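Visitor: sharing a model that was predicted from the sequence below.
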Amino acid sequence: MRLLAWWFRIVGLVYVALGVTFIPVLNTGRVDVLVPGFDAARGGPAWNGFVDVTFMFGLEEIVLGAFLVFASFRPRWWEPLVWLLVALSVVRGVGHDVYMIASGYSPGSYVAFAAFHLVLITTGVLFLRRWQRRARRAPATPAASARPTAAAGW
(Lines give C-alpha, C1' and ligand atoms only; values in the text may rest on other atoms or scores of the structure.)
Protein backbone atom coordinates (compact mmCIF):
# COMPACT_ATOMS: atom_id res chain seq x y z
CA MET A 1 0.00 0.00 0.00
CA ARG A 2 2.91 2.32 0.64
CA LEU A 3 3.98 2.23 -3.01
CA LEU A 4 0.48 3.11 -4.14
CA ALA A 5 0.22 5.90 -1.56
CA TRP A 6 3.53 7.35 -2.71
CA TRP A 7 2.45 6.99 -6.33
CA PHE A 8 -0.61 9.11 -5.55
CA ARG A 9 1.56 11.70 -3.80
CA ILE A 10 4.30 11.95 -6.41
CA VAL A 11 1.94 12.02 -9.39
CA GLY A 12 -0.27 14.49 -7.53
CA LEU A 13 2.61 16.86 -6.83
CA VAL A 14 3.78 16.65 -10.46
CA TYR A 15 0.26 17.54 -11.63
CA VAL A 16 0.10 20.49 -9.21
CA ALA A 17 3.50 21.72 -10.40
CA LEU A 18 2.49 21.42 -14.06
CA GLY A 19 -0.80 23.16 -13.37
CA VAL A 20 0.90 26.09 -11.69
CA THR A 21 2.90 26.75 -14.87
CA PHE A 22 -0.39 27.63 -16.62
CA ILE A 23 -1.22 30.49 -14.25
CA PRO A 24 -1.45 33.47 -16.63
CA VAL A 25 1.40 35.43 -15.04
CA LEU A 26 3.74 32.50 -15.69
CA ASN A 27 2.13 31.25 -18.88
CA THR A 28 2.19 34.46 -20.93
CA GLY A 29 5.98 34.37 -21.03
CA ARG A 30 6.04 30.97 -22.66
CA VAL A 31 3.22 31.07 -25.22
CA ASP A 32 5.80 31.11 -28.01
CA VAL A 33 7.36 27.96 -26.55
CA LEU A 34 4.00 26.19 -26.26
CA VAL A 35 2.95 27.16 -29.78
CA PRO A 36 6.00 28.06 -31.89
CA GLY A 37 5.11 30.72 -34.41
CA PHE A 38 1.96 31.79 -32.55
CA ASP A 39 1.04 34.84 -34.57
CA ALA A 40 -1.63 36.46 -32.43
CA ALA A 41 -0.94 39.96 -31.16
CA ARG A 42 0.29 39.90 -27.56
CA GLY A 43 -2.60 41.14 -25.41
CA GLY A 44 -5.12 40.73 -28.24
CA PRO A 45 -8.26 38.58 -28.12
CA ALA A 46 -6.64 35.44 -29.59
CA TRP A 47 -3.62 35.74 -27.29
CA ASN A 48 -5.76 36.34 -24.22
CA GLY A 49 -8.16 33.56 -25.23
CA PHE A 50 -5.30 31.09 -25.53
CA VAL A 51 -3.90 32.10 -22.13
CA ASP A 52 -7.39 31.85 -20.57
CA VAL A 53 -8.06 28.38 -22.01
CA THR A 54 -4.69 27.06 -20.90
CA PHE A 55 -5.28 28.62 -17.46
CA MET A 56 -8.43 26.50 -17.08
CA PHE A 57 -6.40 23.45 -18.15
CA GLY A 58 -3.86 24.36 -15.46
CA LEU A 59 -6.58 24.67 -12.83
CA GLU A 60 -7.83 21.20 -13.75
CA GLU A 61 -4.29 19.87 -13.34
CA ILE A 62 -3.98 21.55 -9.92
CA VAL A 63 -7.32 20.14 -8.72
CA LEU A 64 -6.48 16.66 -9.98
CA GLY A 65 -3.05 16.80 -8.34
CA ALA A 66 -4.41 18.07 -5.03
CA PHE A 67 -7.05 15.34 -5.03
CA LEU A 68 -4.39 12.70 -5.67
CA VAL A 69 -2.41 13.94 -2.66
CA PHE A 70 -5.63 13.84 -0.60
CA ALA A 71 -6.36 10.31 -1.86
CA SER A 72 -2.88 9.15 -0.90
CA PHE A 73 -3.94 8.99 2.75
CA ARG A 74 -6.52 6.30 1.95
CA PRO A 75 -5.36 4.77 -1.34
CA ARG A 76 -7.50 1.66 -0.85
CA TRP A 77 -10.64 3.81 -1.11
CA TRP A 78 -9.44 5.50 -4.27
CA GLU A 79 -8.24 2.55 -6.38
CA PRO A 80 -10.57 3.53 -9.28
CA LEU A 81 -8.72 6.84 -9.44
CA VAL A 82 -5.65 4.93 -10.65
CA TRP A 83 -7.67 3.62 -13.61
CA LEU A 84 -9.00 7.12 -14.32
CA LEU A 85 -5.44 8.47 -14.44
CA VAL A 86 -4.33 5.58 -16.63
CA ALA A 87 -7.18 6.32 -19.07
CA LEU A 88 -6.43 10.06 -19.05
CA SER A 89 -2.74 9.36 -19.57
CA VAL A 90 -3.46 7.13 -22.55
CA VAL A 91 -5.85 9.58 -24.24
CA ARG A 92 -4.96 13.06 -23.01
CA GLY A 93 -1.34 12.14 -22.40
CA VAL A 94 0.29 9.79 -24.88
CA GLY A 95 -2.46 10.18 -27.49
CA HIS A 96 -2.20 13.96 -27.41
CA ASP A 97 1.61 13.86 -27.52
CA VAL A 98 1.56 11.62 -30.59
CA TYR A 99 -1.06 13.88 -32.21
CA MET A 100 1.03 17.00 -31.59
CA ILE A 101 4.18 15.40 -33.01
CA ALA A 102 2.22 14.17 -36.04
CA SER A 103 0.88 17.72 -36.48
CA GLY A 104 4.40 19.04 -36.90
CA TYR A 105 5.19 20.37 -33.43
CA SER A 106 8.73 19.92 -32.12
CA PRO A 107 8.97 16.41 -30.70
CA GLY A 108 11.35 17.29 -27.84
CA SER A 109 8.93 18.13 -25.04
CA TYR A 110 6.18 15.89 -26.40
CA VAL A 111 8.45 12.83 -26.30
CA ALA A 112 9.38 13.74 -22.72
CA PHE A 113 5.73 14.07 -21.72
CA ALA A 114 4.85 10.82 -23.51
CA ALA A 115 7.59 9.12 -21.48
CA PHE A 116 6.20 10.68 -18.28
CA HIS A 117 2.72 9.38 -19.12
CA LEU A 118 4.03 5.91 -19.96
CA VAL A 119 5.85 5.78 -16.62
CA LEU A 120 2.68 6.97 -14.85
CA ILE A 121 0.62 4.28 -16.61
CA THR A 122 3.10 1.48 -15.96
CA THR A 123 3.84 2.27 -12.33
CA GLY A 124 0.19 2.97 -11.50
CA VAL A 125 -0.97 -0.36 -12.89
CA LEU A 126 1.94 -2.28 -11.37
CA PHE A 127 1.53 -0.77 -7.90
CA LEU A 128 -2.25 -1.23 -7.95
CA ARG A 129 -2.01 -4.86 -9.10
CA ARG A 130 0.67 -5.54 -6.50
CA TRP A 131 -1.54 -4.14 -3.76
CA GLN A 132 -4.57 -6.11 -5.00
CA ARG A 133 -2.59 -9.38 -5.04
CA ARG A 134 -1.36 -8.77 -1.48
CA ALA A 135 -4.85 -7.82 -0.32
CA ARG A 136 -6.27 -11.09 -1.69
CA ARG A 137 -3.61 -13.14 0.11
CA ALA A 138 -3.83 -11.31 3.43
CA PRO A 139 -6.38 -12.39 6.03
CA ALA A 140 -9.27 -9.99 6.30
CA THR A 141 -9.03 -7.65 9.26
CA PRO A 142 -11.52 -4.96 10.19
CA ALA A 143 -8.95 -2.19 9.58
CA ALA A 144 -7.78 -3.61 6.25
CA SER A 145 -11.28 -3.97 4.87
CA ALA A 146 -12.54 -0.61 6.10
CA ARG A 147 -14.01 0.93 2.97
CA PRO A 148 -16.84 3.37 2.72
CA THR A 149 -20.14 1.72 1.95
CA ALA A 150 -23.67 2.88 1.35
CA ALA A 151 -24.62 1.51 4.75
CA ALA A 152 -21.92 3.65 6.35
CA GLY A 153 -23.32 6.79 4.80
CA TRP A 154 -21.24 6.99 1.61
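Guide: All right, it came through fine.
Visitor: just checking, which helix or strand of this protein averages the lowest pLDDT?
Guide: Ranking every helix and strand in the chain by mean pLDDT, DSSP states H and E puts helix 31-34 at the bottom, with a mean of 84.
Visitor: run the chain-centre distance for that helix.
Guide: Computed by CA atoms, centre = their mean, to the nearest Å, the chain-centroid distance of helix 31-34 equals 21 Å.
Visitor: heading C-terminal from it, find the next helix or strand.
Guide: Scanning forward in sequence from helix 31-34 by DSSP states H and E, the next helix or strand is helix 45-71.
Visitor: what residues sit buried inside stretch 114-125?
Guide: By neighbour count on 16 or more other CB atoms under 10 Å, the buried set for stretch 114-125 is A114, F116, H117, L120, I121, T123, G124. Just so you know, the C-beta spots here come from the backbone N, C-alpha and C atoms, and that holds for glycine as well.
Visitor: which SS state does the closest residue to the last one other than its chain neighbours fall under?
Guide: The shortest distance from G124 to any residue other than its chain neighbours is 4.8 Å, reached at V82 (CB to CB, 6 or more residues apart in numbering). Assigned state for V82: helix (three-state reduction, DSSP: H, G, I helix; E, B strand; the rest coil).
Visitor: just give me the neighbour total for V82.
Guide: Per other CB atoms under 10 Å, the neighbour tally for V82 reads 25.
Visitor: R30 is in contact with V51, correct?
Guide: No. Counting by CB atoms under 8 Å, V51 does not reach R30; the two are 10.2 Å apart.
Visitor: so between those two, which is more surrounded?
Guide: Shown here are V51 and R30; by other CB under 10 Å, V51 has more neighbours (20 against 12).
Visitor: and the longest helix seen in the chain, how far from the chain's centre?
Guide: Counting by DSSP state H, the longest helix found in the chain is helix 107-137. Mean-position distance between helix 107-137 and its chain equals 11 Å (CA atoms, centre = their mean).
Visitor: fine by me, thanks again.
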